[in-house]
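Chemist: just a sequence and a predicted model for now, questions to come.
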Amino acid sequence: MRYRAGKTQKPEYGLAAPSIDREELNEGLLQALCGDGRPLLTLTGVALFLSGAFALFLSARREFLPHDVDYLGMTAAELCRHANCRIVAFMFHDRVAFGGTLIAIATLYLWLAAFPLRSGARWAWNAFAASGVVGFMSFLAYLGYGYLDSWHGVATLALLPFFIVGLIRSKSVATAYTRGWLSTPEGKAQPGPARIGRWCLIITGAGTMLAGISILVIGVTRVFVPEDLGFMGLSREALQVISPRLIPLIAHDRAGFGGGLLSSGLLVAMCAWYAPPSRAFWEALGIAGLAGFGCAIGIHYIEGYTTLSHLGPAIAGATLFVIGFLLEVIFTCTTLRFRAPAARRVLGNS
């Protein structure tokens, strides 16, 4: 018995025959799982979120990864016997901050895949591509400090194909060209304080990018700033006496954090420039800001590394972020509440 594609025929037994879609018949399992690419990009976001959470978990337990112990030749507890445990505190302050940036990136990735990219926004695809290039390429910084993190390398190589295939497949759906939100009539129609808030967010993203570049370069070259050595109470020579592999391991943490900052700052700047106000956007941005700034600043107070010259830029960035976030949310919601009830309902469901 034959079925015509796309048609429902009545067979001789009186039962309705199923409709057959030739495209569905020719579609492979892998193609169906990949979809339009967004499931793979979402998977990347989930993997980054779990990686960031795992970094926070290990830091809370004061544990190094097994390959770190093998490379260094001592556990975190053994290293803690030196310099009143300040070396370990310094290392975990970098790792917690790095975990926070991974969670921030992951949150924005999940939002980008679920909302603007689903709508075909080309800028969302560009944000994925630009931040992904920066994030994955920052792994190559190990060429400058000489420590190849095997677990990091394996995870990067395992995740990279999913990200690349996701980008390739989603490019065909990201066809809607969008001007920057602040350069469109819709953006200019926002109340003045809300526009100022957006500019604060854009500046925060740009400043985070500059901070990431600085930390990445420092991690690859001199590794420490004077405040770092002052906190540990040791010189570079003293650190090398403890273990000649200690500085390369610390450099790895610093460079990784710098790469994460650069990628997350790029995402925040692009999202703040292009994304229209929406409930989901504010939720994603709020979680990303809380994770990024919360971990980066909070861990300094937990470890006692509160030198103002070192912590000041992060506090300034967090303050600017909070001001920008509140200005946009409060004044945009106020305007929609009193001037456009229908638009406010749409905003609440977006």
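Modeler: It's in. Residues are numbered from 1 along each chain as shown.

Chemist: in terms of secondary structure, what does the helix or strand where Glu78 lies contact?
Modeler: Of the helices and strands defined by DSSP states H and E, Glu78 is found in helix 76-79. Taking 3 or more C-beta pairs under 8 Å, 6 or more residues apart in numbering; DSSP states H and E as contact, the helices and strands that helix 76-79 lies on are helix 86-114. In short, each C-beta sits where N, CA and C put it, glycine included.

Chemist: ok now the helix or strand that comes right after the helix it packs on, how far from the chain's centre?
Modeler: Sequence order places helix 122-137 as the next helix or strand after helix 86-114, per DSSP H and E. Mean-position distance between helix 122-137 and its chain equals 11 Å (C-alpha atoms, centre = their mean, to the nearest Å).

Chemist: contacts for helix 122-137 next, please.
Modeler: Helix 122-137 has contacts (C-beta atoms under 8 Å, 6 or more residues apart in numbering) with 41, 44, 105, 109, 112-113, 116-117, 156, 160, 163, 166-167, 170-171, 174-178, 259-260, 262-264, 266-267, 270-271, 274.

Chemist: ok, stretch 322-331 next?
Modeler: The contact list for stretch 322-331 (C-beta under 8 Å, 6+ apart) reads 190-191, 193-194, 196-201, 203-204, 272, 277, 282, 285-286, 289.

Chemist: where does Met74 sit: helix, strand or coil?
Modeler: Put simply, Met74 is coil when judged by DSSP: H, G, I helix; E, B strand; the rest coil.

Chemist: I'd say it and Arg245 touch.
Modeler: No: contact criterion C-beta atoms under 8 Å: Met74 and Arg245 do not qualify, at 9.7 Å.

Chemist: next up, the contacts around Gly312.
Modeler: With C-beta under 8 Å, 6+ apart, Gly312 has no contacts at all.

Chemist: and what of Phe293?
Modeler: 100, 314, 317-318, 321.

Chemist: 10 Å instead, please
Modeler: Contacts for Phe293 (C-beta atoms under 10 Å, 6 or more residues apart in numbering) come out as 97, 100, 104, 204, 208, 314-315, 317-319, 321-322.

Chemist: give me the below-cutoff pLDDT ranges for the stretch 101-250 of the chain.
Modeler: 142-143 (pLDDT under 70).

Chemist: helices of that one, start to end?
Modeler: All helices of the stretch 101-250 of the chain, identified by DSSP state H, counting those that start in this stretch, fall at 122-137, 142-145, 150-171, 185-188, 192-220, 226-232, 236-242, 246-274.

Chemist: quick one: the strand or helix carrying Phe321 to helix 192-220, angle?
Modeler: Using DSSP H and E, Phe321 maps to helix 308-339. Per axes from the mean of the first three to the mean of the last three C-alpha atoms, to 10 degrees, the angle that helix 308-339 makes with helix 192-220 is 150 degrees.

Chemist: and the contacts of helix 122-137, which of them are buried?
Modeler: 41, 44, 105, 109, 112-113, 116-117, 156, 163, 166-167, 170, 174, 178, 259-260, 262-264, 266-267, 270-271, 274 (16 or more other C-beta atoms under 10 Å).

Chemist: check which residues of stretch 230-245 are buried.
Modeler: Those would be 231-232, 234, 239, 242-243, 245, for stretch 230-245 by 16+ other C-beta under 10 Å.

Chemist: can you pick out the most distant pair from the residues you listed?
Modeler: The span of those, defined through C-beta to C-beta, is set by Phe231 and Arg245 at 20.7 Å.

Chemist: Trp111 contacts Ala121, doesn't it?
Modeler: No: counting by C-beta atoms under 10 Å, Ala121 is not a contact partner of Trp111; they are 11.8 Å apart.

Chemist: which residues are common contacts for these two?
Modeler: Ala275.

Chemist: these two: which has the busier surroundings?
Modeler: Between Trp111 and Ala121, Trp111 has the larger neighbour count (other C-beta atoms under 10 Å), namely 24 against 21.

Chemist: once you drop chain neighbours, what's closest to that one?
Modeler: Leaving out its chain neighbours, the residue that sits closest to Trp111 by C-beta to C-beta, 6 or more residues apart in numbering is Ala284, at 3.6 Å.

Chemist: residue contacts, the one you found?
Modeler: Taking C-beta under 10 Å, 6+ apart as the criterion, Ala284 is in contact with 104, 107-112, 114-115, 271, 275, 278.

Chemist: helix or strand: which one has it?
Modeler: Per DSSP H and E: helix 279-303 holds Ala284.

Chemist: now that helix: buried residues?
Modeler: So for helix 279-303, counting by 16+ other C-beta under 10 Å, buried means 280-282, 284-285, 287-297, 299-300, 303.
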